[in-house]
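In: 3D, please:
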Amino acid sequence: MLKLIGASLVIFAGTFIGMQLGSYLAHRPLQIRQLRAGLTLLETEIVYGSRPLLEALASISRRLTGDVARLFARAAELSAEEPDLAASECWHQAVQYVWRDTAMKEPEKEILLQLGSVLGQSDREDQQKHLKLALANLEHEEMNARDNQRRYEKMCRSLGVLSGILIVILLY
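Out: Predicted structure coming up:
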């Protein structure tokens, strides 16, 4: 009886790990899509709304959800707390702070850091060009993430269950 309970727990643990890995793969395209929506809103706020960057970031953070909203909120907080800090530095610190909690990978981080290096340092048209470039790069990364999700999500979940079964077979 004890062996059966132990075997069930091992299989459950393997299944849980597989489900978590599959969930991670499913969250990445979603978060990239949310990030693209946030940058589109930022472009609208900068180009058409003529709002200061601090207000635009705070407004966008209220419209979004999850880790992406935290990114915009953190950048707005840093900008409000330390007015001497450049917008690019606030953005960089916000990306570093929020990134460990996201499912996104290094290419998306590099895109955001490149965008942050020019954020708030030029006129509206130049800002719009940089935002469009970042959006195009993120669109490419989203396609890659969706492709990886299709390719590997089901495999991760199946491997989780099968690895749990394999461990049970090897132990008993």
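In: now what about the helix or strand of the chain with the lowest mean pLDDT, what contacts it?
Out: Each helix and strand of the chain was given a mean pLDDT (mean pLDDT, DSSP states H and E); the minimum falls on helix 53-63 at a mean of 89. Applying C-beta atoms under 8 Å, 6 or more residues apart in numbering, the external contacts of helix 53-63 come out as 38, 41-42, 45-46, 49, 51, 69-73, 75-76, 79-80, 87, 119-120. Where C-beta positions appear, they are placed from N, C-alpha and C, glycine not excepted.
In: Any buried residues in that helix, and which?
Out: Within helix 53-63, the residues that qualify as buried by neighbour count (16 or more other C-beta atoms under 10 Å) are 53, 54, 56, 57, 58, 59, 60, 61.
In: on that earlier part again, weed out the non-buried ones from the contacts of helix 53-63.
Out: Neighbour counting over the contacts of helix 53-63 (16+ other C-beta under 10 Å) leaves 38, 41-42, 45-46, 69-73, 75-76, 79, 87, 119-120 as the buried ones.
In: about what we covered before: show me what secondary structure element comes after the least confident helix or strand of the chain.
Out: Counting by DSSP states H and E, the element after helix 53-63 in chain order, helix or strand, is helix 66-81.
In: So which elements touch the helix or strand that that next one is followed by?
Out: Using DSSP H and E, the helix or strand that directly follows helix 66-81 along the chain is helix 87-99. Secondary-structure packing of helix 87-99 (3 or more C-beta pairs under 8 Å, 6 or more residues apart in numbering; DSSP states H and E): helix 66-81, helix 106-118.
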